[in-house]
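Q: Okay, predicted coordinates and the sequence, questions at the end:
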Amino acid sequence: MEAEQQIKSINTTSPQGLLALEGVETTNLPKLPPAPEPESQWQNFGKQIAQFLEQLPDYLSKFFNEYSQSLITVALIFAAIVTLKVVLAVLDAMSDIPLLSPTFELIGIGYATWFTFRYLLKASTRQELATEIQLLKEQIVG
């Protein structure tokens with residue numbers, strides 16, 4: 001009976017625009033949590049980025065484990081290209097020094113001449129060169 005009286009005494013047009021119960025003390029009533037605000041598009045995007053960054057170390061370790069040999073090969077090729085460019089830059093800088101370039105040309109011509117007379121004119125010296133190259137291959141390859 002008392003519940004029916006409280007239901008009848010609900011004032012839906014209170015001055016604050018809120019539902020209020022007449023004759024009931026509302027200060028001790030439990031309050032509802034605020035309604036969850038709809039997530040904006042930026043919040044969803046931020047959550048996706050955070051999840052990706054959490055899983056990034058796992059992705060990278062799996063990728064490196066699967067492709068470690070390929071990555072090492074690519075890194076060595078890149079290092080060889082960089083080294084070649086540095087060597088060519090140093091040689092270009094050295095060729096700008098006035099007497100150094102002709103001196104290197106004379107040294108190259110002299111070594112090529114010596115190598116030709118030493119190893120390429122006679123059959124016995126060509127055989128000696130072939131055995132030295134074969135020994136060098138065996139030392140390098142194993």
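A: Sure thing, it's come through. Numbers count the residues shown, from 1 in each chain.

Q: pull the longest helix from the protein.
A: Criterion DSSP state H: the longest helix present in the chain is helix 41-95.

Q: Could you name the helices and strands sitting against it?
A: Judged by 3 or more Cβ pairs under 8 Å, 6 or more residues apart in numbering; DSSP states H and E, helix 41-95 is in contact with helix 100-115. For glycine as for every other residue, the C-beta is placed from the backbone atoms N, C-alpha and C.

Q: Show me what counts as buried in the helix it packs on.
A: Neighbour-count burial for helix 100-115, counted by 16 or more other Cβ atoms under 10 Å, picks out no residue.

Q: Quick one: residues contacting the closest residue to residue 129 other than its chain neighbours.
A: Excluding the flanking residues, the one nearest residue 129 by Cβ to Cβ, 6 or more residues apart in numbering is residue 119, at 4.4 Å. When contacts are counted by Cβ atoms under 8 Å, 6 or more residues apart in numbering, residue 119 touches 125, 126, 128, 129.

Q: Confirm the third one sits in a strand?
A: No: according to DSSP: H, G, I helix; E, B strand; the rest coil, residue 128 belongs to no strand; its state is helix.

Q: Can you classify residue 37 by secondary structure?
A: Quick answer, by three-state DSSP: residue 37 is coil.

Q: where does the chain have low pLDDT?
A: The chain contains residues with pLDDT under 70 at 1-24, 26.

Q: can you tell me which residue is nearest the centre of it?
A: Geometric centre of the chain, nearest residue: residue 60, 8.3 Å, by Cα atoms, centre = their mean.

Q: Pull up the gap between residue 79 and residue 73, please.
A: Separation of residue 79 from residue 73 (Cβ to Cβ, to the nearest Å): 11 Å.

Q: Same check on residue 110?
A: 39 Å.

Q: What of residue 125?
A: According to Cβ to Cβ, residue 125 and residue 73 sit 39 Å apart.
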